[in-house]
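Visitor: Please work out how this folds:
(one chain, ligands or ions: 2)
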Amino acid sequence: MSSEPLSSQKYFIETWGCQMNELDTQRMAGQLMQQGILPTDDPTEASVILLNSCSVREKAAQKAYSRLGIYRRYKEKRPELLIGFCGCVAQQEGEKALRRVPDLDFVVGPARVGELTDILARSRSGERVAATGFPEDRDFDLDTISRESSYKGMVTLIEGCNKKCTFCIVPYTRGPERCRPLAHIVEEVRHLLRLGFVEIELLGQTVNHWREPGESDLDFADLLDTVASLPGLQRLRFITSYPRDFSPRMVAQVGKHQNICPYIHLPVQSGSNRVLKLMGRGYEVESYYDLVDQLRAVRSGLALSTDLIVGFPGETEADHQLTLDLVERVRYAQIFAFKYSPRPGTPAPRLKVEIPSDEVASRRLQEIFRLQESIQLELNRELVGEEHELLVTGWGKTADSQQGRTTCHRIVHFDPQGVPVPLGSTVRVRIDEALQHSLRGSRIDQPAHPAEPAPPRGLRVVG
Ligand code: SAH
Ligand code: F3S
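Guide: Ligands and ions are numbered 1, 2, ... in the order given. A predicted model of the protein is given here:
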């Protein structure tokens, strides 16, 4: 039980995993800040510590318990400290976590994030709460988000996932798919634009599977059209698109609205139809290639990224070669490749096929990375000499360096020429040099404004 007034308390949140987790962290931070509890980077001075965990890969539960083991020791010096276990591992572990970690105060699953204020109040009065599962009447509760930046805002379209990819834990930890009504989405985007946000990222595990709830036949194509038309929206992104759900109407919207960023994350997982079938992905690689061609036909300079799983049960050397062929053919700007990791309760570990050894999977992964590195450098080199608009996203270590992102999501380092550019504004640069993971450019617009003081780092906007 805490004796400190709430207004002098601080919180610390450790976040793993995907954008949805990042947004959940911002939602929990918003609720804490509404109570006057402020963020700290130092967990030893926090009165509330939250571990927002991810269970997509590796030894997630083991890792989470070891982190909680460290945090509980802080209670020796701060007995009033409350420790909360959140995210996908917390959903899976539930009450078990309370039994296993005696100093753990509460457990919150991803679908219960909006209840944090209430859970904290119950914890403060000594109750140990396990809030997991997927209540039917849960709300999106998006009105108290402590945004990490003042120019880029993430907006939820769909929670959960109804697909049944045989390797994936997400449908079990984030529950069944639930779409948010268009009117609420538009209201939130408008609100962010009024606050001066310039980039909006629409989120969902299968974001392009969005449908208006109820009787309406509005789909993601209509949503893109509506949101991209909102005045003041400079950059619109969305993640993650499910290849099979990308319809020609959606492709047309990508061609129609130039403020939809020419960078699309399109997870393919494998280049082999046999493996895609074992994964239960519901598409074949030929239709994926067709979609890539359609998208490239409507937007020049379109950059694509993907996720790949290597060493999936049943993956042969020939299947692996097909994945390398795919990487070669699509020429992705970025790849997120992972070794297959069996997830408890998912069907893939029970497939009656041979599982490639860890050694084989590691070697295949390295082959993919090596191929991708050369492609990525080639693609980056093709940008040299081009002019690009950058959204300025960071301060460099020295005064002669800042960084920003192109619309195609490349990181570009540039010299602000003595006039620091406020984060969230745009500058034009010419690309001078290509590196493996970033580019260097020089400003070609005139610094228009006198030097403004840099806003404090970690500035948060509650919106
Ligand atoms: N909704 C997204 C994926 C969410 S999980 C989609 O449609 O693809 C993010 C990525 O983690 C997946 O794309 C996959 O490449 C990887 N992943 C998920 N489960 C995995 C597992 N069991 N082993 C290895 N990688 C996995
Ligand atoms: Fe997972 Fe497949 Fe859904 S990868 S999140 S089950 S689309």
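Visitor: Can you name the next helix or strand after the top helix by length along the chain?
Guide: The longest helix of the chain (DSSP state H) is helix 358-382. Downstream of helix 358-382, the next assigned helix or strand under DSSP states H and E is strand 387-395.
Visitor: buried stuff in that following strand?
Guide: 388, 390-393, 395 (16 or more other CB atoms under 10 Å). Using the backbone N, CA and C atoms, a C-beta is placed for each residue, glycine as well.
Visitor: Check which helices and strands the longest helix of the chain is in contact with.
Guide: Using 3 or more CB pairs under 8 Å, 6 or more residues apart in numbering; DSSP states H and E, the elements in contact with helix 358-382 are strand 303-310, helix 317-330, strand 334-339, strand 426-434.
Visitor: out of these, nearest to ligand 2?
Guide: The closest of the helices and strands packed on helix 358-382 to ligand 2 is strand 303-310. By CB to the nearest ligand atom, the value is 8.1 Å.
Visitor: Buried residues, the closest one. List them.
Guide: Residues 303-306, 308-310 are the ones in strand 303-310 that count as buried (16+ other CB under 10 Å).
Visitor: likewise stretch 295-303?
Guide: For stretch 295-303, burial by neighbour count (16+ other CB under 10 Å) applies to 295, 299, 302-303.
Visitor: Need the residues that contact that stretch.
Guide: With CB atoms under 8 Å, 6 or more residues apart in numbering as the test, stretch 295-303 has contacts from 246, 251-252, 254-255, 262-264, 304, 332-334, 379, 408-410.
Visitor: Glu367: which of the residues you listed is nearest?
Guide: For the contacts of stretch 295-303, the closest approach to Glu367 (CB to CB) belongs to Tyr332, at 15.1 Å.
Visitor: Just confirm that closest one contacts Ser305, I think it does.
Guide: Yes. Between Tyr332 and Ser305 a contact is recorded at 5.5 Å, counting by CB atoms under 8 Å.
Visitor: just to revisit the earlier point, generate JSON lines for the buried residues of strand 303-310, with distance to ligand 1 and pLDDT as supplementary columns.
Guide: Formatted as JSON lines, the buried residues of strand 303-310 follow (distance: CB to the nearest ligand atom, whole Å; pLDDT from 0 to 100):
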{"residue": "Ala303", "distance to ligand 1": "18", "pLDDT": "97"}
{"residue": "Leu304", "distance to ligand 1": "14", "pLDDT": "98"}
{"residue": "Ser305", "distance to ligand 1": "11", "pLDDT": "98"}
{"residue": "Thr306", "distance to ligand 1": "8", "pLDDT": "98"}
{"residue": "Leu308", "distance to ligand 1": "6", "pLDDT": "98"}
{"residue": "Ile309", "distance to ligand 1": "5", "pLDDT": "98"}
{"residue": "Val310", "distance to ligand 1": "8", "pLDDT": "98"}
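Visitor: interface residues of the stretch 51-200 of the chain facing ligand 2?
Guide: Proximity of the stretch 51-200 of the chain to ligand 2, by CB under 6 Å from any ligand atom, involves residues 161, 163, 165, 168, 170-171.
Visitor: Return only those of the residues you listed found close to ligand 1.
Guide: Restricting these to those touching ligand 1 (CB under 6 Å from any ligand atom) yields 168, 170.
Visitor: Inside helices: which ones of the residues of the stretch 51-200 of the chain next to ligand 2?
Guide: Among those, DSSP H puts 170-171 in helices.
Visitor: what's the spacing between the closest residue to Met28 other than its chain neighbours and Ile185?
Guide: Among residues not flanking Met28 along the chain, Leu116 sits closest, at 5.1 Å (CB to CB, 6 or more residues apart in numbering). The gap separating Leu116 from Ile185 is 22 Å, by CB to CB, to the nearest Å.
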